[in-house]
Each structure stands twice: as structure tokens, then as C-alpha cells.
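Enquirer: would you be able to build a 3D model of this:
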Amino acid sequence: MEKESYNNDNSSSTVVQVGEFVELNVQSDVRDSPLYNDDIAPTKISQRTWHKGNVAALWIGMAICVPTYTLGGVLTAYFGLSVMEALFTILIANVIVLIPLTLNAFAGTKYGIPFPILLRSSFGLYGSNIPCLIRAIVACGWFGIQTLFGGIACHLLLSELSTNWAALGSIGEVYGFFMFLALNLYVVIKGADSIKQLENWSAPILLAVGIGLMLWAFPQINLTEILAIKANRPEADSATPYLMAGITAMVGFWATLSLNIPDFSRFVKSQKDQITGQILGLPLTMFFFAALGVVLTAASTTLVGEQISDPINLIGKIDNPIMVVIAMVLIIIATLSTNSAANIVSPTNDFQNAAPKLISEKRGVLLTGFIGVLMMSWELLKKMHLVESDVSVEALYSNWLLGYSSLLGPIAGIMIVDYFVINKQQLDLVSLYKQGGIYSNVNYHGLIAFFIPVALTIFSLSTGKLHWFYNYGWFTGSLFGALIYYILKSKALRSNNLKPKETNT
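Expert: Now for the predicted structure:
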């Protein structure tokens with residue numbers, strides 16, 4: 001491969017281009033910058049080793065989890081869809097979300113940079129902290145929810161092995177929560193290679209288990225009857241608004257990853273691998289595991305005498321200790337693979353972006369865990385019988401889907417327009433890590449384009465007007481954010497009679 005380097009000053013950082021990929025040769029000007037640490041530095045080209053199989057395994061490992069299993073039930077119970085409509089919605093939404101996922105992954109693969117560093121182009125060197133921290137808090141909440149699921153699985157596993165542990169009841173679930181928490185943090189602190197190995201190892205096992213469960217459940221159900229279950233909505237109503245609300249919510253399920261996908265694509269060895277891997281790994285896995293949830297929920301009445309939509313509690317009621325132990329181990333693996341990749345990596349990088357010299361990767365991981373525990377503290381106190389409350393994690397989970405997608409949509413639109421339209425896939429890698437380059441401390445165009453759709457969402461929620469803007473939150477937010485950013489940025493470039501600065505990268 002042909003290599004080109006620029007700038008021969010030994011005190012100044014340089015870039016090296018190998019084909020279409022760019023590498024940063026860090027010198028004292030960047031190393032001493034308050035905007036830099038080694039953990040959020042661009043990956044070397046030699047570190048970009050993930051192929052399409054690794055990317056597909058990453059998505060299989062993240063998609064096979066308890067929340068995915070319950071999606072069909074969420075869409076039928078909360079969004080008024082039939083079973084067929086719910087499964088169709090999940091498939092279509094995950095095909096749609098592939099668009100921002102693959103587009104926002106491009107910069108990570110080319111430049112080796114994580115999500116918060118890419119945001120410095122569209123929001124500013126310090127302005128990027130606003131969308132980063134919004135993304136981080138959402139991830140910490142999801143981390144807490146998934147850790148609760150993992151903790152319950154740990155408790156049920158140990159309960160099958162020890163009657164003393166089983167006697168702990170819900171307090172054992174709290175102990176399980178902290179055991180699972182420690183396991184998650186350990187995997188991520190070990191680094192990107194440990195995550196890749198976990199996903200590569202768990203993906204085929206989880207797929208095989210899913211297929212096995214489907215084959216096991218089929219004799220217990222009447223598939224025709226399940227698919228014929230009518231929608232939970234007035235018969236006279238058009239299906240369109242219900243379908244659109246469901247699609248918006250399902251797009252929102254991975255709205256977070258559509259932003260921080262550079263955190264993973266920075267390790268991928270080609271654009272073809274990141275695109276192919278995501279196409280292979282995401283839509284069909286989500287569809288299959290959500291369909292499995294629908295089937296097993298329907299079969300639960302036959303299996304255990306009552307309808308249960310949570311796979312952990314369903315398996316826990318089966319009177320076969322060996323089967324319960326094996327199933328709980330697999331659920332722990334599934335939840336671990338999802339939680340480690342989807343809910344810890346991003347906030348860890350986001351917190352580092354706020355104070356790179358103070359927050360290392362290890363400290364970012366620990367901070368993520370601490371905030372996740374705080375956000376789930378109410379639920380933990382309930383399990384310890386210290387407080388009484390009817391608020392459930394499941395309600396929190398279902399209500400978040402639509403709400404946070406409305407907030408994150410504008411960020412996705414702004415990122416895509418900034419990288420592909422304004423900068424034409426050209427970034428100044430050195431300037432992303434130090435002041436005095438081509439990027440301002442705060443890019444007000446990005447912040448305005450972000451806050452206007454957010455303000456419209458809040459207005460819609462508080463007044464009941466423009467309800468469509470909130471109901472279709474991710475679509476309206478991303479399109480409005482992208483359009484406003486393009487108009488503001490284009491006007492600024494014209495008024496200054498400037499073009500986007502061409503770089504040597």
C-alpha cells in the first residue's frame with residue numbers, strides 16, 4: 001500500500017495515509033493537548049483487524065438479549081399492533097436503522113476515531129460534550145436495566161445450585177446484580193480485543209440456542225392462531241399511525257448505536273467489512289429473536305400454566321434443574337455480550353471526551369458502572385424491601401424507546417450531513433485533538449440544529465400540538481436536524497466566501 005506522510009516537524013503530529021485510510025502519528029503538540037489521551041486516540045491501521053464476521057458477531061451478540069425478546073409484546077401491548085404487524089415493524093425498522101449505522105461508521109473506519117472525536121467536527125471541540133453526555137446518560141440507564149436482567153439470571157442460577165441462596169429471595173437478585181456488574185466491567189476494562197473475543201464466542205452459541213428454543217416451542221403452540229391475533233386498537237382506526245409509531249420506537253431501539261458505531265468501526269479493516277457485517281448481523285437477528293419471544297410467550301401457558309413474556313422468569317418456572325442451570329448460563333452470556341458492547345463502551349468514551357487528562361478508559365468504565373447503579377437504585381431498594389413502589393423497569397424501558405429516539409435523531413442527521421455533505425469525508429485529524437486548528441471550541445450551527453428539534457419535541461409533549469413531531473420522533477428529529485445544520489453551515493460558508501478547508505487526508 002502506498003503511504004504518504006505530511007509535516008516533518010518532529011514536535012508536530014503528522015498524518016499517514018495508506019490507501020483510503022488515515023493514521024495519526026502523535027507528537028508532543030497533540031500528546032500534551034487537554035483534548036487527548038491514548039484511549040481515545042485514533043487506532044493505528046495495524047489495530048484495524050475486525051473483519052465482517054467480527055462485525056456480524058458483534059451485532060448478533062448485542063441483538064440477542066432480553067429486551068429484544070420482549071419487543072413483540074411491547075408492540076402489541078403498548079402500540080396497538082397485531083403480532084404480524086409487530087414482527088413486520090421490527091424487520092423494517094432494523095433495515096431502516098442500517099442507513100445511519102453504516103454511514104456514521106465510515107469516519108470511524110477511515111480515521112480510526114471514536115464517536116466523541118467525530119462529534120468535535122459538527123459540535124465543536126468542547127461543544128461535543130453536550131450530545132456526548134446525553135448519549136452517555138441514556139447508555140448508563142440501559143446498562144442498569146440490562147444488569148438487572150443479568151442479576152436475576154445469576155440469582156436463579158445460584159438458586160438451582162443452593163437452597164440457601166434460593167431462600168434469599170429478591171435480596172439474592174440484588175447480590176446477583178452486583179456480581180453481574182463486576183463481570184461486565186471486567187470485560188470492558190480488558191479492552192476491545194476481549195469484547196471481540198466475547199462476541200465471536202457467544203454469537204454462534206446464542207444463535208444455536210435460539211434455534212433450539214424455537215424448535216422446542218413449536219409443538220407447544222398453534223402458529224396460525226398466534227399470527228392471527230388481532231391488533232389491540234379500535235377496529236375503525238387506520239393501521240398507519242400505529243405502524244409508524246411502532247417503527248419509530250423500534251428505530252429508537254438502536255438509535256444510540258447509530259451514533260456511536262464509530263467506537264467499533266474504528267477497529268474494522270475496511271468499509272466493505274463494516275457494511276457487510278452490519279447487514280448480516282442486525283436485521284435478521286433482531287427479527288428472529290423477537291419472533292422467538294412471541295412464540296415462547298404464547299407457549300408459556302402450556303409450559304408453565306401462565307403467560308410470561310420475560311424469558312428469565314419463564315425458564316425459572318420450568319421444573320427441570322439441569323435445564324434451568326444451562327438456560328441461565330446462556331442468558332448470562334447473552335446479556336453480558338449485549339451490555340458490554342452496547343452500554344459500556346460508548347459512555348466510557350463519552351466521559352473521557354469531557355476530561356481526557358482526568359478520565360482514562362478504566363475510570364470511564366467505573367464511572368459508567370457507578371451511574372448505572374445510581375439510576376437503578378430505586379429498583380434495588382424495592383428488591384431489598386426498603387421501599388414500596390409500583391414503578392417497574394419494564395414500564396421505564398418501553399416509555400424510553402420513543403422518547404430518547406426523539407432526542408438522538410437530530411444528532412444522527414447532523415453527523416451525516418457534516419461528514420458527507422459539508423466536509424465531503426475529509427477531516428483534519430490533528431485539529432480534532434488540539435485547539436488552534438480548523439475546528440472551533442463550540443460549533444453553534446450544530447447546537448442550534450440539535451436544540452430546535454428538541455424544543456419542538458418538548459413543545460409537542462407539553463401542549464399536545466404537533467403530536468406527529470413526537471410520534472415520529474427519530475425521523476422528524478434527524479431530518480429537521482440535518483436540514484437546519486445544512487442551511488446554517490452553507491450560509492456561513494457563503495457569507496465568508498469560503499469552502500470547507502481541504503486537508504491532506
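Enquirer: just the strands in this structure please.
Expert: Per DSSP state E, the chain carries strands over the ranges 3-5, 14-18, 21-25.
Enquirer: please identify the most buried of the ones you listed.
Expert: Ranked by mean neighbour count under mean count of other C-beta atoms under 10 Å, the strands of the chain are led by strand 21-25, which reaches a mean of 21. Placement of C-beta: from N, CA and C, glycine included.
Enquirer: my read: Ile247 touches Ile96, true?
Expert: Yes: taking C-beta atoms under 8 Å as the definition, Ile247 is a contact partner of Ile96 at 7.1 Å.
Enquirer: look up how far Leu330 lies from Leu336.
Expert: 11 Å (C-beta to C-beta, to the nearest Å).
Enquirer: for Ile137, same thing?
Expert: Taken as C-beta to C-beta, the span from Ile137 to Leu330 is 30 Å.
Enquirer: same question, Asp263
Expert: 26 Å.
Enquirer: repeat for Asp350
Expert: Asp350 is 31 Å from Leu330, by C-beta to C-beta.
Enquirer: ok, now which ones touch Asn260?
Expert: Pro114, Phe115, Arg135, Val345, Ser346, Asn349, Asp350 (C-beta atoms under 8 Å, 6 or more residues apart in numbering).
Enquirer: can you redo these as CSV with pLDDT, distance to Pro283 and neighbour count?
Expert: Listed next are the contacts of Asn260 as CSV, based on pLDDT from 0 to 100; distance: C-beta to C-beta, whole Å; neighbours: other C-beta atoms under 10 Å:
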residue, pLDDT, distance to Pro283, neighbour count
Pro114, 97, 25, 27
Phe115, 97, 22, 30
Arg135, 89, 23, 25
Val345, 91, 22, 24
Ser346, 91, 21, 31
Asn349, 95, 26, 24
Asp350, 96, 27, 31
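Enquirer: nearest to Asn25, of the residues you listed?
Expert: Pro114 (18.3 Å; C-beta to C-beta).
Enquirer: got the contact list for the closest one?
Expert: So Pro114 contacts Ile40, Gly108, Asn260, Pro262, Asp263, Arg266, Asn349 (C-beta under 8 Å, 6+ apart).
Enquirer: quick check, nearest of the residues you listed to Leu75?
Expert: Looking across those and measuring by C-beta to C-beta, the closest to Leu75 is Asn260, at 25.1 Å.
Enquirer: any idea which helix or strand in this structure has the lowest mean pLDDT?
Expert: strand 3-5 (a mean of 49; mean pLDDT, DSSP states H and E).
Enquirer: that older thread, Ile247 and Ile96: which has the busier surroundings?
Expert: Ile247 (23 against 19; other C-beta atoms under 10 Å).
Enquirer: report pLDDT for that one.
Expert: We note a pLDDT of 89 for Ile247 in this prediction.
Enquirer: list the contacts for it?
Expert: Thr89, Ile92, Ala93, Ile96.
Enquirer: picking that back up, turn the strands of the chain into a markdown table, including distance to Leu58.
Expert: Output for the strands of the chain, formatted as a markdown table (distance: least, C-beta to C-beta, whole Å):
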| stretch | distance to Leu58 |
| --- | --- |
| strand 3-5 | 29 |
| strand 14-18 | 24 |
| strand 21-25 | 20 |
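Enquirer: what sits against Ala334?
Expert: Contacts of Ala334 by C-beta under 8 Å, 6+ apart are Gly61, Ile64, Cys65, Val66, Ser202, Leu206.
Enquirer: got phi/psi on the closest residue in space to Gln47 that isn't next to it in sequence?
Expert: Nearest in space to Gln47, with sequence neighbours left out and distances taken as C-beta to C-beta, 6 or more residues apart in numbering, is Phe267 at 6.5 Å. The phi and psi values for Phe267, taken as degrees, to the nearest 10, are phi -100, psi 0.
Enquirer: and Phe267, how far is that from Leu374?
Expert: Relative to Leu374, and taking C-beta to C-beta, Phe267 is found at 30 Å.
Enquirer: so the two - more neighbours on which side?
Expert: Phe267 (22 against 12).
Enquirer: ok, now which ones touch the more buried one?
Expert: Phe267 touches Thr43, Gln47, Arg48, Thr49, Trp50, Ala192, Lys196, counting by C-beta under 8 Å, 6+ apart.
Enquirer: any chance of TSV for those, columns distance to Gly210 and neighbour count?
Expert: Listed next are these as TSV, based on distance: C-beta to C-beta, whole Å; neighbours: other C-beta atoms under 10 Å:
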residue	distance to Gly210	neighbour count
Thr43	32	20
Gln47	32	15
Arg48	30	21
Thr49	28	14
Trp50	23	25
Ala192	26	19
Lys196	21	20
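Enquirer: same list (these) but as a markdown table, adding distance to Ile308 and pLDDT.
Expert: A markdown table is the format used below for the contacts of Phe267 (distance: C-beta to C-beta, whole Å; pLDDT from 0 to 100):
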| residue | distance to Ile308 | pLDDT |
| --- | --- | --- |
| Thr43 | 44 | 96 |
| Gln47 | 44 | 93 |
| Arg48 | 44 | 94 |
| Thr49 | 42 | 94 |
| Trp50 | 37 | 95 |
| Ala192 | 37 | 75 |
| Lys196 | 34 | 81 |
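Enquirer: just curious, which of those residues is nearest to Leu158?
Expert: Closest to Leu158, out of all of the contacts of Phe267 and judged by C-beta to C-beta, is Lys196, at 29.0 Å.
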